[in-house]
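Peer 1: I'd like to go over a predicted model; first the sequence, then the structure.
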Amino acid sequence: MYGIKENRGENCVDLIREMVKKELHIEIKPEQIAIDHRIVGKQGRHRPLIVRFKQHDIKFAVLKQRRQLKGTGISS
């Protein structure tokens, strides 16, 4: 996921859950996220977030709703 603002000492799980709930209207529990971390990105931009869900149906629900991110500065 690109465009999610980065803060020092952030909790990636909380960032992901908050963004998905606010923008995509999908409730995700912390135990449904298998892997989450930031990777090296382009200088001057927020680093991208890598997210892996434990269940495929959650992944597909997020991907299906990603059109709602248009205009928010966030992409997947």
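Peer 2: Nice, thanks for sending it over.

Peer 1: work out for me the element the residue nearest the centre of the chain sits within.
Peer 2: The residue lying closest to the centre of the chain (Cα atoms, centre = their mean) is residue 16, at 4.1 Å. Taking DSSP states H and E as the definition, residue 16 sits inside helix 12-19.

Peer 1: gap between that helix and the chain center?
Peer 2: Helix 12-19 sits 6 Å away from the centroid of its parent chain (Cα atoms, centre = their mean, to the nearest Å).

Peer 1: do the same with stretch 10-18
Peer 2: 8 Å.

Peer 1: give the buried residues for the helix holding residue 16.
Peer 2: Neighbour counts over helix 12-19 (16 or more other Cβ atoms under 10 Å) mark 12, 13, 15, 16, 17, 19 as buried. Bear in mind the C-beta positions are built from the backbone N, C-alpha and C, glycine included.

Peer 1: need the contact list for the third one.
Peer 2: Shown here is residue 15, whose contacts under the criterion Cβ atoms under 8 Å, 6 or more residues apart in numbering are 4, 49.

Peer 1: again, only using 7 Å
Peer 2: residue 4 (Cβ atoms under 7 Å, 6 or more residues apart in numbering).

Peer 1: returning to that earlier point: now do the helix holding residue 16, average pLDDT.
Peer 2: For helix 12-19, mean pLDDT is 92.

Peer 1: next SSE after that helix?
Peer 2: strand 33-38.
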